[in-house]
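Asks: pasting the sequence and the predicted model now:
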Amino acid sequence: MNLIEELKWRGLIHQMYPGTEEFLATNRATGYVGFDPTAPSLGIGNMVPIMLLVHFQRHGHHPIALVGGATGRIGDPSGKSEERNLLTQETLEYNVERVKAQLEKFLDFESTENPARLMNNYDWFKDWKVLDFLRDVGKHLTVSYMLAKDSVKSRMETGISFTEFTYQLIQGYDFYHLHKEHGCNLQFGGSDQWGNITAGSDLIGKMLGPEEKVYAFTCPLITRSDGKKYGKSEKGNIYIDPEMTSAYRFYQFWINCTDADIVQLAKIFSLKPIPEIRTLLDNQAGNPRSVQYALADEMTERVHGAAALERAKWASSVLFKKNAATELAQLSEAEVADLFQGVPQGSISAGEMEAGINIVDFLAQVGATQSKGQAIRSLTKDKSISINTVKITDRDHTLTAADVINNHFVLVNIGKKKRFLVYLN
């Protein structure tokens, strides 16, 4: 497969300039994707255009990852129903450095054949004077042309500032600058960027002449099978930065994907050979969740490293072990918070645990059971209570400070599925 054939198989082509596939089949191209540093970390949605760069480089082309130190100050109206909050210069600079580090996890900047390049559009915008820019660049795109863009049309009723209105002109100049100064002849990004991308190609034609040929394609904005965007769930976005999404939560995201979603995600994100991906998908019915585990391993190791992957897998296994007090004691407080996210919680004072408390009283007081009667039934009749994964059936059993893991928490299991976490206060 050539690059476009592979991207089509992976579901990564949405729109494409005429002649793009033919150009890429016969030329070693330079292409770019822009990433505005509106947050300290890129998320799952941003990773799709990153994968375009990854595949672009793997097919021998020259990728440029452009961090928008300038465009991030303006705010892209694409896909937004209201004005963005402007970030301070300090915040943007902080975000730029974080995003740069994340891009380095995916692209090869050390290749001797076709190294990736990392650029910041603030470098060529910082010395522009506004009157010069309006005279030399702004005169080439008409207001009617800019108003026709979907990103602007969709905001005409709710309102769009002049600042965000000019975004397409700023991004368009990026394409012009990269084409003129670095031989960049291709831009790609999410489907919501089509208007900004075409503004750039039109600007190149106006400023350098119609004989200057540039190309473009976009990828779809991925959604879950229920139609929701990734990052819009009740648990929030999944970020690349480990300070915002731990390796454990990152690993669990892939594990918990539905079978309907994992097919799309495996094609987009896995760098396994295509025949191997096909085999994984073909065997999915007879080997449940095998694709989820394979992709979770691959993505977590790529983003967080091999050691973090093994730690995440180990932490996951603790949930299903019996008599695992030793393993529970090895969890950090952050891992406890991740591991038991969403689990019902209660609290008890250190003094009560020091003095000792009957297990029936404990279960009812912290809210693990609705009453003492229910606690007794669960202990004696159902035999379904475990404390720190150790089965307890004696209604006269006393819990003490020794049962508090790391002077921090007590884990209550009720049956095979219900967990309750008690924190010491």
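Replies: Nice, thanks for sending it over. In this text, all values refer to a predicted model and were calculated from it rather than measured experimentally.
Asks: rest of the way, CA atoms for contacts and neighbours
Replies: Noted.
Asks: any stretches of this protein with poor pLDDT?
Replies: In the prediction, the chain carries residues with pLDDT under 70 at positions 79-82, 84, 231-236.
Asks: that one: strands as residue ranges?
Replies: In the chain, strands defined by DSSP state E lie at 15-16, 30-35, 62-67, 117-120, 186-190, 215-219, 345-348, 357-358, 385-387, 390-391, 398-399, 409-414, 418-424, listed in chain order.
Asks: out of these, which gets nearest to residue 148?
Replies: In terms of CA to CA, the element of the strands of the chain nearest to residue 148 is strand 15-16, at 18.0 Å.
Asks: which strands or helices does that closest one pack on?
Replies: The helices and strands touching strand 15-16, judged by 3 or more CA pairs under 8 Å, 6 or more residues apart in numbering; DSSP states H and E, are strand 215-219.
Asks: packing partners of the strand it packs on?
Replies: Helices and strands touching strand 215-219, by 3+ CA pairs under 8 Å, 6+ apart, are strand 15-16, helix 20-26, strand 186-190, helix 194-208.
Asks: quick one on the thing from earlier: can you lay out the strands of the chain as JSON lines showing mean neighbour count?
Replies: Below are these laid out as JSON lines (neighbours: other CA atoms under 10 Å):
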{"stretch": "strand 15-16", "mean neighbour count": "16"}
{"stretch": "strand 30-35", "mean neighbour count": "24"}
{"stretch": "strand 62-67", "mean neighbour count": "23"}
{"stretch": "strand 117-120", "mean neighbour count": "17"}
{"stretch": "strand 186-190", "mean neighbour count": "25"}
{"stretch": "strand 215-219", "mean neighbour count": "23"}
{"stretch": "strand 345-348", "mean neighbour count": "16"}
{"stretch": "strand 357-358", "mean neighbour count": "16"}
{"stretch": "strand 385-387", "mean neighbour count": "22"}
{"stretch": "strand 390-391", "mean neighbour count": "16"}
{"stretch": "strand 398-399", "mean neighbour count": "18"}
{"stretch": "strand 409-414", "mean neighbour count": "22"}
{"stretch": "strand 418-424", "mean neighbour count": "20"}
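Asks: how about the ones you listed in CSV, adding distance to residue 151?
Replies: Formatted as CSV, the strands of the chain follow (distance: least, CA to CA, whole Å):
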stretch, distance to residue 151
strand 15-16, 16
strand 30-35, 17
strand 62-67, 21
strand 117-120, 23
strand 186-190, 13
strand 215-219, 15
strand 345-348, 45
strand 357-358, 63
strand 385-387, 56
strand 390-391, 58
strand 398-399, 61
strand 409-414, 50
strand 418-424, 47
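Asks: so for residue 95, which of those strands sits nearest?
Replies: Across the strands of the chain, the minimum distance to residue 95, taken as CA to CA, is reached by strand 62-67, at 9.7 Å.
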